[in-house]
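Q: Here is a sequence together with a model predicted from it:
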Amino acid sequence: MSDGRILLYGATGYTGRLIAQRAKAQGLDMLLAGRSNEAVAAVATPLGLPYLAVGLDDPAKLDEALAGIRVVLHVAGPFSATSKPMVEACLRKGVHYLDITGEIEVFEACAARDAAARTAGVMLMPGVGFDVVPSDCMALHVKNRLPSATTLTLAMNGLSNMSRGTAKTSVEALGKGTAIRKGGRIVEIDEIPRKTLDFGAGPEPVIGISWGDVATAYHSTSIPDIEVFFRETPEMARMMGMPKFLRKLLGSRPGQAVLKRAINLMPAGPGEDIRNTARATVLAKARDSTGALVRSRLETPEPYALTVETALLIVGRVLAGDAPIGYQTPAKAYGADLILEVPGTRRDELNA
């Protein structure tokens, strides 16, 4: 990697701590940051890394914090609340912006700032973790296999052990419908799509979800119709099987407060043994108007372990000067084979 200082904002969270530890091991010049001086110091001091406390609600101090920074890696969720002030600071200060969101609204908000990013000479790339590097690369891969594709289906298996941050973001969608892309536009449907897909061990039930690829895969591939599914877990089945009125209630502000208090009692995230041994799978299927079909499968390390790898892989590209300006997706900027640079990944074609 070339020289350049990285600001890791949200270093006190589950994923932030993992990234900070790996950055230290790689010898990266990383400044840890977050809202609480005490909390950031507790992460930074044992690692011997510099740190500072700065709130996202203070633009002047945020601008000061970005002095001398080459790239921000923003890992403080929920990104629907935290991304905008950091993006705007990066645009003001000419700093590249990366985050690990999976929220459709955040991707689209960053895409809307494409012109501003080009004027500032910076790259805006949300979604440099499990959300959405592997699936974005697979979307472009099947598009390359079938350039005439008009529909794209993505499905994932392996995110059953969520961090608190991921869980909180997930429950925010309880009162909403399912987002899909139809005719190039993102639309919300009331029903929850269900089907069966084979991840490699026989057909399994999957549930449609509002995942970031509904936004990003279109920017990467121009495929107009996109749906995303997750392998159904008992917890997901119970949540999605709730009566609509109950989901609406839990999606309200009081309902969200109750759910998020409960989430705070969960473990911070999967333990080291799970991160070291668990695997994830991404299926991608593309079809064109003639019925031609291609299917591919990707196997990866556990999602949080993968997030550390992909986030720092892309940080390395930026530090090396490989940061196309404007709004970018991982596959659009770095190609469908980017994910194969991560140790422990394997891609297979499921049809010729």
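A: Alright, I've got the coordinates.
Q: so what's Ser80 up against?
A: If a contact means C-beta atoms under 8 Å, 6 or more residues apart in numbering, then Ser80 has Glu103, Glu105, Val106, Thr169, Glu172 as its contacts. Where you see a C-beta, it was placed from the backbone N, CA and C, and this is true even at glycine.
Q: tell me, how many neighbours does the first one end up with?
A: I take that to be Glu103. The local packing count at Glu103 equals 25, with neighbours defined by other C-beta atoms under 10 Å.
Q: Distance check, it against Ile180.
A: Using C-beta to C-beta, to the nearest Å, one obtains 16 Å as the distance from Glu103 to Ile180.
Q: cool, and the second one?
A: When distance is defined by C-beta to C-beta, Glu105 is 15 Å away from Ile180.
Q: For those two, indicate the residue with more neighbours.
A: Ile180 (19 against 16).
Q: so which helix or strand takes in the more buried one?
A: For Ile180, the host element (DSSP states H and E) is strand 178-182.
Q: Quick one: work out the angle between the next helix or strand after that strand and strand 178-182.
A: Counting by DSSP H and E, the element after strand 178-182 in chain order, helix or strand, is strand 185-189. For strand 185-189 and strand 178-182, the angle between their directions (axes from the mean of the first three to the mean of the last three C-alpha atoms, to 10 degrees) works out to 140 degrees.
Q: Show me which residues of strand 185-189 are buried.
A: Buried positions in strand 185-189, judged by neighbour count with 16 or more other C-beta atoms under 10 Å: Ile186.
Q: Stretch 77-85 too?
A: Neighbour-count burial for stretch 77-85, with 16+ other C-beta under 10 Å as criterion, is recorded at Gly77, Pro78, Phe79, Thr82, Ser83, Pro85.
Q: Then the fourth one would be within a helix, right?
A: Yes. According to DSSP: H, G, I helix; E, B strand; the rest coil, Thr82 belongs to a helix.
Q: quick one, what contacts it?
A: Contact partners of Thr82, counting by C-beta under 8 Å, 6+ apart, are Gly10, Leu56, His74, Ala76.
Q: JSON lines please, covering those and showing neighbour count.
A: As requested, those are arranged in JSON lines below (neighbours: other C-beta atoms under 10 Å):
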{"residue": "Gly10", "neighbour count": "26"}
{"residue": "Leu56", "neighbour count": "20"}
{"residue": "His74", "neighbour count": "26"}
{"residue": "Ala76", "neighbour count": "24"}
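Q: Return the member of the residues you listed nearest to Leu283.
A: His74 (28.9 Å; C-beta to C-beta).
Q: Nearest the geometric middle of the protein, what residue?
A: Asp131 (2.5 Å; C-alpha atoms, centre = their mean).
Q: Report all helices and strands that whichever strand or helix holds Asp348 contacts.
A: Per DSSP H and E, Asp348 falls inside strand 346-349. For strand 346-349, the helices and strands in contact under the criterion 3 or more C-beta pairs under 8 Å, 6 or more residues apart in numbering; DSSP states H and E are helix 133-145, strand 293-301.
Q: Let me know the outermost residue of this protein.
A: Distance from the centre of the chain peaks at Thr290, with 32.7 Å (C-alpha atoms, centre = their mean).
Q: If we only consider the contacts of Ser80, which is nearest to Glu272?
A: Each of the contacts of Ser80 was checked against Glu272 using C-beta to C-beta; the closest is Thr169, at 23.0 Å.
Q: just to revisit the earlier point, which ones are touching the residue farthest from the centre of the chain?
A: The neighbourhood of Thr290, defined by C-beta under 8 Å, 6+ apart, consists of Ser148.
Q: how's the chain carved up into domains?
A: By the record's domain assignment, the chain is partitioned as 5-129+305-334, 133-302+341-349 (automatic domain parsing).
Q: could I get the contacts of Ser80 as a markdown table with secondary structure?
A: Output for these, formatted as a markdown table (three-state DSSP):
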| residue | secondary structure |
| --- | --- |
| Glu103 | coil |
| Glu105 | helix |
| Val106 | helix |
| Thr169 | helix |
| Glu172 | coil |
